[in-house]
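# Provided below are the primary sequence and the corresponding predicted coordinates.
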Amino acid sequence: MVDAPYKSGLPKTPILRIEGLGVRFGTSQVLRDINLTVDRGETVAVIGESGCGKTVLLKTIIALLRPTEGTVYFDGRDLFSLNEKQLTAERIRYGFLFQLAALFDSMSVAENIAFPLRQHTRRGEREIQEIVLERLTEVGLARQVLSRKPAELSGGMRKRVGLARALVLDPEILLYDEPTTGLDPIMSDVINELMVSTRRRHPVTSILVTHDMRTARKVADRIVMLFPSGRLEPGEPQIIFDGPTRVIDSTADRRVQQFILGEAGDRLVEMRQNNGGSNR
């Protein structure tokens, strides 16, 4: 049985509401019957093993993927009822930090960060440069990197440039896809601290997909765990945990405990059964 959805006890205003969401690719059901509400200003970590649909969920939230069933309401509007012009206007209210930062290789750091401003606003070049420098400073990078290309940056620096670009339009909601993947523990914690400080500086709602329980515990108010749909019991919800970060360690669900402790447990048994009982 899934833990009860997180409620803080304080009045909240939902900014995102997901109802009956399902995504299927051919015969493969990736997401099924996802129901989730995110309040304005909340930081939610979505966890779960590889292949359970976390990144697909993020892409559906921003309407980069169309669901097979259900819908997503952003600030009360059904995203999938909008035409392309209306959808573009709504997407500007999002910031997205992609898993590998997704910087444009042919552009300098300055051009990468400025890109959304030039695409979606009519700000003058002087103002654009001021905003770029402000956001660069905010993520802890010196102005000397502005002229560099992404290939000249470390993985951590690329992530920080990606975050600076995600922030330039002052988004209402920030989506992070595996923000610490591929980083060493020190740089991972730098990114964690940046996510925390971003929330303090900006009135932003954040949703992050992560495998890193240290990140989830440090950054999130609330944790949601997805389980692969193909391994659920008939009729069982795909969200197997939804609650405050502070209570996840005490959940009774064995699957949640094994994930947060990094134990193969039942998964190893399943793999052996699927291989006909072989230990190889």
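Sure thing, it's come through. Numbers count the residues shown, from 1 in each chain.
# just the strands in the stretch 1-150 of the chain please.
With strands called from DSSP state E, counting those that start in this stretch, the stretch 1-150 of the chain shows them at 14-25, 28-39, 43-47, 69-74, 77-78, 94-97.
# need those strands in JSON lines (columns: distance to Thr55 and mean neighbour count).
(Each C-beta comes from the backbone N, C-alpha and C, glycine too.) Shown next, in JSON lines, are these (distance: least, C-beta to C-beta, whole Å; neighbours: other C-beta atoms under 10 Å):
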{"stretch": "strand 14-25", "distance to Thr55": "11", "mean neighbour count": "17"}
{"stretch": "strand 28-39", "distance to Thr55": "10", "mean neighbour count": "19"}
{"stretch": "strand 43-47", "distance to Thr55": "9", "mean neighbour count": "24"}
{"stretch": "strand 69-74", "distance to Thr55": "15", "mean neighbour count": "18"}
{"stretch": "strand 77-78", "distance to Thr55": "22", "mean neighbour count": "12"}
{"stretch": "strand 94-97", "distance to Thr55": "11", "mean neighbour count": "22"}
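# with distance to Asp221 and mean pLDDT added, can I get the ones you listed in CSV?
Listed next are these as CSV, based on distance: least, C-beta to C-beta, whole Å; pLDDT from 0 to 100:
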stretch, distance to Asp221, mean pLDDT
strand 14-25, 14, 94
strand 28-39, 9, 93
strand 43-47, 5, 96
strand 69-74, 19, 95
strand 77-78, 24, 94
strand 94-97, 18, 88
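# want to try a markdown table for those strands, with distance to Thr180 as columns?
Below are the strands of the stretch 1-150 of the chain laid out as a markdown table (distance: least, C-beta to C-beta, whole Å):
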| stretch | distance to Thr180 |
| --- | --- |
| strand 14-25 | 23 |
| strand 28-39 | 21 |
| strand 43-47 | 12 |
| strand 69-74 | 26 |
| strand 77-78 | 32 |
| strand 94-97 | 11 |
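# quick one: which of those strands is nearest Leu169?
Checking the strands of the stretch 1-150 of the chain against Leu169 by C-beta to C-beta gives strand 94-97 as the closest, at 6.9 Å.
# the closest one: how far from the chain's middle?
Centre-to-centre, strand 94-97 and its host chain are 9 Å apart (C-alpha atoms, centre = their mean, to the nearest Å).
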